[in-house]
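**Student:** build me a model:
(4 chains)
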There are 4 protein chains.
Amino acid sequence: MTYTASVVGASGFGGGELLRLLANHPEFDLVQATSRSKDGKTVGYVHPNLRDLELRFSSPEELDSVDVLFAATPHGVSMTEIDRYRDAADTVVDLSADFRLPSEDGYDEWYDGHKRPELLDDAVYALPELDREELAGADLIASGGCNATATILGLLPLVEDGILDGDERIVVDLKVGSSEGGAGGSEAASHPERSGVVRPYAPTGHRHEAEIGAYLGLDVSFTVHAVDMTRGASATCHVFPGEPVSKGDLWGAYRGSYEDEPFVDLVAGGGGVYRYPEPKAVAGTNRAEVGFELDPGNRRIVAFSAIDNVMKGAAGQAVHAANVALGIDETAGLTFRGLHPVGAP
Amino acid sequence: MTYTASVVGASGFGGGELLRLLANHPEFDLVQATSRSKDGKTVGYVHPNLRDLELRFSSPEELDSVDVLFAATPHGVSMTEIDRYRDAADTVVDLSADFRLPSEDGYDEWYDGHKRPELLDDAVYALPELDREELAGADLIASGGCNATATILGLLPLVEDGILDGDERIVVDLKVGSSEGGAGGSEAASHPERSGVVRPYAPTGHRHEAEIGAYLGLDVSFTVHAVDMTRGASATCHVFPGEPVSKGDLWGAYRGSYEDEPFVDLVAGGGGVYRYPEPKAVAGTNRAEVGFELDPGNRRIVAFSAIDNVMKGAAGQAVHAANVALGIDETAGLTFRGLHPVGAP
Amino acid sequence: MTYTASVVGASGFGGGELLRLLANHPEFDLVQATSRSKDGKTVGYVHPNLRDLELRFSSPEELDSVDVLFAATPHGVSMTEIDRYRDAADTVVDLSADFRLPSEDGYDEWYDGHKRPELLDDAVYALPELDREELAGADLIASGGCNATATILGLLPLVEDGILDGDERIVVDLKVGSSEGGAGGSEAASHPERSGVVRPYAPTGHRHEAEIGAYLGLDVSFTVHAVDMTRGASATCHVFPGEPVSKGDLWGAYRGSYEDEPFVDLVAGGGGVYRYPEPKAVAGTNRAEVGFELDPGNRRIVAFSAIDNVMKGAAGQAVHAANVALGIDETAGLTFRGLHPVGAP
Amino acid sequence: MTYTASVVGASGFGGGELLRLLANHPEFDLVQATSRSKDGKTVGYVHPNLRDLELRFSSPEELDSVDVLFAATPHGVSMTEIDRYRDAADTVVDLSADFRLPSEDGYDEWYDGHKRPELLDDAVYALPELDREELAGADLIASGGCNATATILGLLPLVEDGILDGDERIVVDLKVGSSEGGAGGSEAASHPERSGVVRPYAPTGHRHEAEIGAYLGLDVSFTVHAVDMTRGASATCHVFPGEPVSKGDLWGAYRGSYEDEPFVDLVAGGGGVYRYPEPKAVAGTNRAEVGFELDPGNRRIVAFSAIDNVMKGAAGQAVHAANVALGIDETAGLTFRGLHPVGAP
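**Tutor:** Prediction:
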């Protein structure tokens, strides 16, 4: 069976990746791509990799009736438009933060409140490695945030295995690419200013701390740096466990959580050039690389996690979640392996 | 029907891409990957995007019997080993220069001669947009060189349409990525020295002039610059036609050559950010972007052509040629569309 | 003796470099920096390398009386404001195109005409290697354009030595950095879209052809590509001389023009990693690297020229010209040698 | 008075910067540059920014008698050659780790022991912001390590002000450029593999922890990542103080330590594009940018520090130390302000 699908907010970076994934997905039939600013233009006008698609952006005011609607709009839009989305589609997958947090309190604390708090209970947070079971059959899906996803994947095994119990001090230092700033252009994002930076763009108080707290039960100290790549989010999690652990304990925990996961690879030491998780090794894919190192002198675990923020941190995760929700093969449409060599993708 | 396939020289960049393409190809079954230097290691040790493949490099001394053998060895190896390759496989696709030129003379002039000149007549040069018909059923295929491919695709319509007759002065100025230097590392290729360059690495006398002369019938003045990207070859062809031409003439010529080609997109002006061929727009794909502009003041045609040197310029073209030779759907295994946004892939 | 100096349009890239140069210049005393958009802010707010300067942008409406005023405003501003500039300063050095061309015709053809054509005779085009003598004592100086400067320096010896007489076909293929687009930000200039490109941003019809024609007497076919660097302009000039030349002839011509020039280094072959002119080797400096190669098969000279577009192509050249005009040591304030290694400056 | 100076190990990156600084230094006269591998070649053969210097590498076997010898050799060489160095020069400034630690124990724990432990008491560790007084008159100077320097400058005010007492848990997450790997080239350092990375190259156990412990009295958990720049070391120090602190406390501490320092700029919030320390803003200079942010939710101080590893982390710091030791103006030869804009220097 084939499902019809649409993308609202399709001229942004996440929306463009959704178009790419859906156009080649064996179980989806892409029927609509909306963009207020690019209404009427071909999708290839904005996304040069989609020049051969015979599809034009249409206005978000008129939504086709589809099986699945993917919303890749800025934060705040989905909570306003959600009734129209749900009228148009049986299943709505939202890539914004609008339905990620479990309760209104979180939106009051971290965002500007919520317009439809009564829907938060219906929404299922999508990070399939964390809550695959709840996603089956879900009809309102909130795809996890990019930096939260990288962090949760790095720390999840330590929680599942009981190495962490929530009282530990945890520092998460992220390095991310320029696509996290979105499409459009600004002085700070311009190539002469943005290239080559190590820019602390969210030194403290990043909103993704809220997702990590809500779904992982950990209180993390989060700092995000912009570095010179376009795609990618790399989380380095510095963890001080209450009890000493061995490398064997860590291998046990990480293998226990991930050995059957189709999109997680363990990369922890070993030989060759690529010994730890590396964002460029997963660019363009829905894969995460996760690894760790033990620092005996400081009784510290250093957990590493690398994803493509536009894919595993946005469009790929959304399609993965839709696959799970609809009972399709989880990897359908998501089998691209990434490139080697690749520069700064 | 499925064909068994092997890759000789699989630890290099072209070899790695062949592994990636064959592993996901619907009609090929990848059975062997050889590497003298990495014998025994997993293919993922070298190519991090292939970590999940359960395949180890084996010695090139013992070749499995397969339907198709792809040779991605340095120039000079295939002409020495060709009998072993042909004993092991019904079809041999060679990615080196060893069987590209039509006659021994060319090897005497541009290389260090040839060891098996009697085989040059058997070999079919592979650039499917140029000679698709000859490739059908071929059993010794010489995949076109990366810089030659970019150039030929940029100029072919001008030849096919009769705008050029071979007497014109043509300057081809290429900009290429660091993967053209191959894997391994050297001082000149090291990141501190290589990043940010506009390095004239082949100011004159590049060997691909020979292929262009042989197959396009044009005498080109060729200069190659290394620029800061890993993948990509962008050819800017400055052409001074004998008779004045109009933009309409050019559109006619380029559409005539390429409108039915599955892997060539015309990009010539228009709006948006991507108005002319751009290597990063085709990175990871087997597509070429081709375009042109007319300079009335100088009676000059400027033809642009952009490819991924590791794909359309090597592994992708080789698989494309094998598809044609075996009668498989031409696009099988080559449907990846590339990424947007992408940095310097 | 010390000269007072001001910079109009000091928040742009060229203006920022002027501030840096003047602040450390032994013979200048920087007294004013204007910026309409950043009026009142410290110069370090915009230019982080100047944080320690105790200087704030002031409005361009009130100009201090100075010895030398440098105007780094967009094209079209200087021709409107020129009387105010000349009232404020004995010597005006304009970095825009407004006074570069020798006659009104050029502005009608290449720009939108000229408001003060009667001043064009007064203005001296500044490219000291070309016309040092005319600059002595000049009080209205038009600093040469970046891409024109790179090109003229590459070809000047061929003209001075008589190898070229103006009838030859000359292709100039430039590769330039993102600072040529100026400060501010736009979608095309944003890091995700701009990084890693080989973008033909002026395929034909670049206005600097006019300067080259006017001052070098050559008709060139010009194409400019944006590549992944912030600073730098690299000109590759493909020249087909009427008579055969030898490498010895070329060495004679280039040494003849440049052996006494303080800011030109000849780099033509030789060993090591840096064998030809390389923009990153001159980044931050007022130096040009110039070199050449001979292509006997095509009877072609390939001349290379690399500069920092913001320095030798703008602020450095302007200060150099002011030094000459005022009779100061030519190299005063311009002795920075550049960095090694350096990435993509 | 002018001092004669030589550089041993002058073909490496640190050695090249020493040559550049000494060649333009008002109080030094550069007389010798040694290199075993490049003996006889001009210094410009290796360092293209020094092409105009008329100086050739000589063998390290024959050292000229000079006032100051700078040793930029790999770790382990200076401790072997130290008698020869001291015979040749009144003052020896060593840029390697060989004389940095205060006692033999440190070398046993972190390195392969020490050959001349009796000299460790004579050597003065050079980080002038930390121990300017001890450097005056010193004749054996051990210039601080790059990553240690970045970290110490970030944390020093917290120690001097008593906010930290040595018992706190401190995570230091560094991002560094490819020049830290040194000149030469290897597969891991090659452009295709190295560009665009976020590579945890020293996940734990980096030797600079020893310097930080010895001179700052803090036990830090150190992780170093390679990112896509050539120069630069950026330290993000996550600190959990025992007692709550306010932003006012932090401003007091940082101003108290640095307001009179010629090479330290405080950058902590504010407006514009550059709000926190940024390595590219100090590239090519001896300056450090230091700043901080307070995370009230986690009772965390995040201290940032950015330097150019080849300058403030090596050659610049060595010249600065020599200036102090000899009683020269501290900033002599070190006044270059850096560039804006600049890409990934």
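
**Student:** my read: A:Glu27 touches A:Leu334, true?
**Tutor:** No: between A:Glu27 and A:Leu334 no contact is recorded; they are 11.4 Å apart, counting by C-beta atoms under 8 Å. Placement of C-beta: from N, CA and C, glycine included.

**Student:** and those two? Which one has more around it.
**Tutor:** A count of neighbours by other C-beta atoms under 10 Å in any protein chain shown puts A:Leu334 above the other of A:Glu27 and A:Leu334, at 23 against 16.

**Student:** for the closest residue in space to the more buried one that isn't next to it in sequence, helix, strand, or coil?
**Tutor:** Spatial nearest neighbour of A:Leu334, excluding adjacent residues (C-beta to C-beta, 6 or more residues apart in numbering or on different chains): A:Asn286 at 4.3 Å. A:Asn286 carries the three-state label coil when classified by DSSP: H, G, I helix; E, B strand; the rest coil.

**Student:** ok, how many other residues are close to A:Asn286?
**Tutor:** Counted with other C-beta under 10 Å, the burial measure for A:Asn286 works out to 26 neighbours.

**Student:** so who does it touch?
**Tutor:** With contacts defined as C-beta atoms under 8 Å, 6 or more residues apart in numbering or on different chains, the neighbours of A:Asn286 are A:Phe263, A:Asp308, A:Met311, A:Lys312, A:Gly316, A:Gln317, A:Val319, A:His320, A:Leu334.

**Student:** run the last query once more with 7 Å
**Tutor:** With contacts taken as C-beta atoms under 7 Å, 6 or more residues apart in numbering or on different chains, A:Asn286 has the following neighbours: A:Phe263, A:Met311, A:Lys312, A:Gly316, A:His320, A:Leu334.

**Student:** repeat for A:Asp329
**Tutor:** A:Asn323.

**Student:** can you give me the neighbour number for the closest residue to chain D within the stretch 201-345 of chain A?
**Tutor:** Using C-beta to the nearest C-beta, the point where the stretch 201-345 of chain A gets nearest to chain D is A:Ala344, with a distance of 2.8 Å. Around A:Ala344 there are 33 other residues, counting by other C-beta under 10 Å.

**Student:** could you list every helix and strand that the helix or strand encompassing A:Glu133 packs against?
**Tutor:** Counting by DSSP states H and E, the secondary-structure element that holds A:Glu133 is helix A:128-135. The contact analysis (3 or more C-beta pairs under 7 Å, 6 or more residues apart in numbering or on different chains; DSSP states H and E) places helix A:128-135 against strand A:124-126, helix A:146-160, helix A:316-326.

**Student:** nearest to chain B, out of those?
**Tutor:** Of all those, it is helix A:316-326 that lies closest to chain B, at 11.7 Å by C-beta to the nearest C-beta.

**Student:** burial measure for A:Pro26, as a count.
**Tutor:** Applying other C-beta under 10 Å, we find 10 other residues in the vicinity of A:Pro26.

**Student:** just A:His225 next, same as before
**Tutor:** Number of residues near A:His225 (other C-beta under 10 Å) recorded here: 25.

**Student:** list phi and psi for the most far-flung residue of chain A relative to its centre.
**Tutor:** Ranking residues of chain A by C-alpha distance from their mean position (C-alpha atoms, centre = their mean) puts A:Gly297 at the top, at 33.8 Å. Here the main-chain torsion angles of A:Gly297 (degrees, to the nearest 10) amount to phi -60, psi -30.

**Student:** what does A:Val239 give?
**Tutor:** Dihedral angles for A:Val239 - degrees, to the nearest 10 - are phi -130, psi 130.

**Student:** residue contacts, the closest residue to A:His320 other than its chain neighbours?
**Tutor:** Nearest in space to A:His320, with sequence neighbours left out and distances taken as C-beta to C-beta, 6+ apart, is A:Pro128 at 5.5 Å. Applying C-beta under 7 Å, 6+ apart, we find A:Pro128 in contact with A:Leu135, A:His320, A:Ala321, A:Val324.

**Student:** closest one of those to chain C?
**Tutor:** Each of the contacts of A:Pro128 was scored against chain C by C-beta to the nearest C-beta, and A:His320 proved nearest at 23.2 Å.

**Student:** up against chain B, what does the stretch 151-300 of chain A have?
**Tutor:** Residues of the stretch 151-300 of chain A lying close to chain B by C-beta under 7 Å from any C-beta of the partner chain are A:Ser179, A:Met229, A:Thr230, A:Arg231, A:Asp265, A:Gly271, A:Gly272, A:Tyr274, A:Glu278, A:Ala281, A:Gly284.

**Student:** tell me the SS of the residue lying closest to A:Leu155 once chain neighbours are set aside?
**Tutor:** Excluding the flanking residues, the one nearest A:Leu155 by C-beta to C-beta, 6+ apart is A:Cys237, at 5.5 Å. Look at A:Cys237: counting by three-state DSSP, its state is strand.

**Student:** so what pairs up with A:Cys237 in the strands?
**Tutor:** Judged by DSSP bridges, the bridge partners of A:Cys237 are A:Val172, A:Ala303.

**Student:** neighbours around it, how many?
**Tutor:** Taking other C-beta under 10 Å as the neighbour definition, A:Cys237 ends up with a count of 23.

**Student:** what score does the spatially closest residue to A:Asp295 that is not a sequence neighbour have for pLDDT?
**Tutor:** Once flanking residues are discounted, A:Asp295 sits nearest to D:Thr204: 3.6 Å by C-beta to C-beta, 6+ apart. In the predicted model, D:Thr204 carries a pLDDT score of 91.

**Student:** helix, strand or coil: sort out the residue of the stretch 51-200 of chain A found nearest chain D for me.
**Tutor:** Using C-beta to the nearest C-beta, the closest approach of the stretch 51-200 of chain A to chain D is made by A:Gly196 at 2.8 Å. Here A:Gly196 is recorded as coil under three-state DSSP.

**Student:** I'd assumed D:Gly343 was in contact with it.
**Tutor:** Yes: counting by C-beta atoms under 7 Å, a contact exists between A:Gly196 and D:Gly343, whose distance comes to 4.8 Å.

**Student:** ok, these two, which is more surrounded?
**Tutor:** Under the neighbour definition other C-beta under 10 Å, A:Gly196 and D:Gly343 were set side by side, and D:Gly343 has more, 35 against 32.

**Student:** contacts only, for that one.
**Tutor:** Listed by C-beta under 7 Å, 6+ apart, the contact partners of D:Gly343 are A:Ser195, A:Gly196, B:Gly196, C:Met229, C:Thr230, C:Gly343, C:Ala344, C:Pro345.

**Student:** quick check: closest non-adjacent residue to it.
**Tutor:** The shortest distance from D:Gly343 to any non-neighbouring residue, by C-beta to C-beta, 6+ apart, is to C:Thr230 (3.5 Å).
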